[in-house]
Structure formats: C-alpha cells, structure tokens
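Trainee: 3D, please:
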Amino acid sequence: MQEVKANMAGSVWKVNVREGEKVEADQDVVILESMKMEIPIAAEDDGTVIKLKVSEGDFVNEEDVIAVIE
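Mentor: Numbering: from 1, shown residues only. All right, here's what the predicted structure looks like:
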C-alpha cells in the first residue's frame with residue numbers, strides 16, 4: 001500500500017483521479033497550488049486508488065496524505 005503525500009503546503013487545485021481508478025507510476029494524482037505555482041503530485045507506483053483524502057479547494061500541509069493506492 002502506498003500513501004501519496006503532499007510535498008509542500010498548498011491548496012488542492014485539481015483532483016485528477018477517483019476512488020477505484022487504476023493509476024500508473026508517475027501519473028499525477030492531484031495538482032496543488034502554492035505561491036501561485038501549480039505543483040503536480042504523482043503516484044510512485046502502479047495501483048488502484050482505494051481512498052482519496054482530499055477534495056478540490058482543500059488546504060493541505062507538507063506530508064499530509066492525499067490518497068492511498070494499493
């Protein structure tokens with residue numbers, strides 16, 4: 001099981017996946033907005049999104065879990 005975590009604090013600008021969706025390594029899961037920059041957060045491995053822990057507009061801190069992939 002893999003936890004996709006935020007690498008910096010920011011707002012969730014766009015969610016690119018849904019629960020139950022298959023993802024590939026390096027596929028963008030969400031895009032954060034911080035300091036007027038868009039920062040893609042990608043899956044590290046192939047798998048299926050079993051839990052999405054954020055919605056568009058949510059604020060996340062560094063190391064917050066964004067999604068769980070199995």
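Trainee: Please count neighbours and contacts with C-alpha atoms only from this point.
Mentor: Noted.
Trainee: quick one: Glu44 from Met35, how far?
Mentor: 25 Å (C-alpha to C-alpha, to the nearest Å).
Trainee: ok, those two, which is more surrounded?
Mentor: Glu44 (16 against 8; other C-alpha atoms under 10 Å).
Trainee: my guess is the more buried one contacts Ala25, does it?
Mentor: Yes. Using C-alpha atoms under 8 Å, Glu44 is in contact with Ala25, at 5.0 Å.
Trainee: between these two, what contacts are shared?
Mentor: By C-alpha atoms under 8 Å, 6 or more residues apart in numbering, Glu44 and Ala25 have no common neighbours.
Trainee: for stretch 20-30, which positions count as buried?
Mentor: The neighbour-count check on stretch 20-30 (16 or more other C-alpha atoms under 10 Å) flags 23, 27-30 as buried.
Trainee: So what touches it?
Mentor: Residues from elsewhere that reach stretch 20-30 (C-alpha under 8 Å, 6+ apart): 12-17, 40-50, 67.
Trainee: at 10 Å instead, please
Mentor: Contact with stretch 20-30 is made by 4, 6, 12-18, 39-52, 54-56, 66-67, 69-70, as judged by C-alpha atoms under 10 Å, 6 or more residues apart in numbering.
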